[in-house]
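Enquirer: Quick one, fold the following:
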Amino acid sequence: MSEDKIIHMDMGASVSSSGGATVCLGIESSCDETSAAIVDSNKNILAHIIYSQIPEHQKYGGVVPELAARAHILAIDEVIRQTLARANMNINDIDVIAATAGPGLIGGVLIGWMSATGIAQSTGKPLVAVNHLEGHALVPRLAAATADNTCSAVSVEFPYLLMLASGGHCQILLVRGVGKYDLIGQTLDDSAGEAFDKVSKMLGLGYPGGPIVDKRAALGNPRAFDFPRPLTDKPGCDFSFSGIKTAARTFLSKHAEPYNDEFINDFCASFQSAVVDCIINRLSHAMRSNQVISANPKTLVVAGGVAKNSAIRSAMEKLAREHNMVFAAPPMSLCTDNGAMIAWAGLENYQIGNIVREPVAPRPRWPLTEL
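Expert: Coordinates of the predicted model:
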């Protein structure tokens, strides 16, 4: 395992767990990050390591499942070992083991899940099967930040309205509690993250596309080109991003390469503006729905990899203010797949008695509404 791909997350690595706190080792391997973290029930991240596979997949313009699975096999043991060492702990200091059991690329999910199962069985520690999406959904309760990513003292309490945009998922959810999710709206085709990745690939900008498009958009004119805003003139809360992506491809086919920097920046800014408008429109509809009004959530939350997008965070913070709600999002380091979110979701589930009592089969698909 190459050391230059190991990311030591220093947010609290020097913190000692308070006496009486429950300590969880969380393992994440659902896609292209091999990660482990140790988190306690007092919201201290004691150690957090991510092994990034991005260099292996960049030349293909996306994640190759077989390569991802092989990389997880090579990395998982060392990532767990280094996480324990960084927290100055051994496995006997851990109270509960948690790992992603789905959804995700099944090869990677199996590797992390079997590692966690082996540790739990050999030590007698309780084991929690974490839904990867629930990890994203609950991590703002571990740590929250404002739209400009400055640390915030926001305490995210149930219920809250969540925009979850991670990988192939894009959903609006009413989060009533651990394992209690009401689906308000979802994408009918592509996710926002897929749309960003595909547009980045069209422009030859590289992978992952979201951060690249966001950076170039900050330098461009969001009104330079006109992109459609699918479904924004329709009732309901569902998304559609396929039309924006198709419009981008059609537009580019009419312009000869190479594209200069000004064109790319304006294109990214205009495309991103369309995506943001769609998200805000659908969230606005959700806030006016009877289901959300009756629940009366006080916090608007964004989570998942797309939550790193600066324009989406800023627009959602503005929307929250307009509706007298508090905006919350994970710090940038906890938006993409990571072990800390799995450890925290493991703790939240453990505290209400949701532990593995019989064999669990990892799942490539596992909707939050089935928890």
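Enquirer: Can you get me a residue count around Lys254?
Expert: 6 (other Cβ atoms under 10 Å). In short, each C-beta sits where N, CA and C put it, glycine included.
Enquirer: next one: phi and psi at it?
Expert: Dihedral pair for Lys254: phi -100, psi 0, per degrees, to the nearest 10.
Enquirer: now it: how far from Ala248?
Expert: According to Cβ to Cβ, to the nearest Å, Lys254 and Ala248 sit 11 Å apart.
Enquirer: same question, Arg363
Expert: Arg363 is 33 Å from Ala248, by Cβ to Cβ.
Enquirer: Compare those two (neighbour count), which wins?
Expert: Ala248 (22 against 18).
Enquirer: which SS class is that one?
Expert: In three-state terms, and counting by DSSP: H, G, I helix; E, B strand; the rest coil, Ala248 is helix.
Enquirer: So it is in contact with Asp226, correct?
Expert: No: Ala248 is beyond contact range of Asp226, at 11.6 Å (criterion: Cβ atoms under 8 Å).
Enquirer: Helices along the protein, start to end?
Expert: Taking DSSP state H as the criterion, the chain contains helices spanning 54-58, 65-86, 106-123, 132-142, 192-202, 209-217, 242-253, 261-287, 290-295, 310-322, 339-351.
Enquirer: highest average neighbour count across those?
Expert: Mean neighbours per residue, mean count of other Cβ atoms under 10 Å, is largest over these for helix 339-351, with a mean of 29.
Enquirer: chain center to that helix: distance?
Expert: 14 Å (Cα atoms, centre = their mean, to the nearest Å).
Enquirer: CA-only coordinates of it in CSV, if you can.
Expert: Provided in CSV are the C-alpha atoms of helix 339-351 (Å, rounded to 0.1, in the frame of the first residue of the first chain):
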residue,chain,number,x,y,z
GLY,A,339,-14.8,6.0,8.3
ALA,A,340,-15.8,8.6,10.8
MET,A,341,-19.3,8.8,9.5
ILE,A,342,-19.6,5.0,9.7
ALA,A,343,-18.3,5.0,13.3
TRP,A,344,-20.8,7.7,14.3
ALA,A,345,-23.7,5.9,12.6
GLY,A,346,-22.5,2.8,14.3
LEU,A,347,-22.6,4.5,17.7
GLU,A,348,-26.1,6.0,17.0
ASN,A,349,-27.4,2.6,16.1
TYR,A,350,-25.7,0.8,19.0
GLN,A,351,-27.2,3.3,21.5
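Enquirer: which residue packs closest to Gly346, ignoring adjacent ones?
Expert: In space, and not counting its chain neighbours, Gly346 is closest to Ala98: 2.4 Å by Cβ to Cβ, 6 or more residues apart in numbering.
Enquirer: so who does that neighbour touch?
Expert: Ala98 sits next to 24-27, 116, 127-130, 342-343, 345-347, 349-350 when contact means Cβ atoms under 8 Å, 6 or more residues apart in numbering.
Enquirer: Ala340 too?
Expert: Ala340 is in contact with 9, 26, 35, 37, 39, 45, 48, 139, 142, 334, counting by Cβ under 8 Å, 6+ apart.
Enquirer: who does the third one bridge with?
Expert: Read it as Ser35. Counting by DSSP bridges, Ser35 is bridged to Glu28, Ile50.
Enquirer: mind listing what it touches?
Expert: 27-29, 48-51, 79, 337-340, 342.
Enquirer: Out of those, the closest to Pro235 would be?
Expert: Proximity of these to Pro235 (Cβ to Cβ) peaks at Asp337, which lies at 33.8 Å.
Enquirer: Please report how far the closest one lies from Asn309.
Expert: 16 Å.
Enquirer: do the same with Ala143
Expert: As defined by Cβ to Cβ, Ala143 lies at a distance of 18 Å from Asn309.
Enquirer: Next: Leu173.
Expert: According to Cβ to Cβ, Leu173 and Asn309 sit 18 Å apart.
Enquirer: ditto for Ser289
Expert: Taking Cβ to Cβ, one finds Ser289 at 24 Å from Asn309.
Enquirer: Looking at these two now, which is surrounded by more residues?
Expert: Asn309 (26 against 17).
Enquirer: okay, and the helix or strand of this protein with the least pLDDT?
Expert: Using mean pLDDT, DSSP states H and E, the weakest-scoring helix or strand in the chain turns out to be strand 6-8, at a mean of 63.
Enquirer: possible to save the helices of the chain as a markdown table with distance to Pro159 and mean pLDDT?
Expert: Shown next, in a markdown table, are those (distance: least, Cβ to Cβ, whole Å; pLDDT from 0 to 100):
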| stretch | distance to Pro159 | mean pLDDT |
| --- | --- | --- |
| helix 54-58 | 35 | 85 |
| helix 65-86 | 33 | 96 |
| helix 106-123 | 29 | 98 |
| helix 132-142 | 12 | 98 |
| helix 192-202 | 23 | 95 |
| helix 209-217 | 28 | 97 |
| helix 242-253 | 31 | 95 |
| helix 261-287 | 13 | 98 |
| helix 290-295 | 5 | 98 |
| helix 310-322 | 15 | 97 |
| helix 339-351 | 15 | 98 |
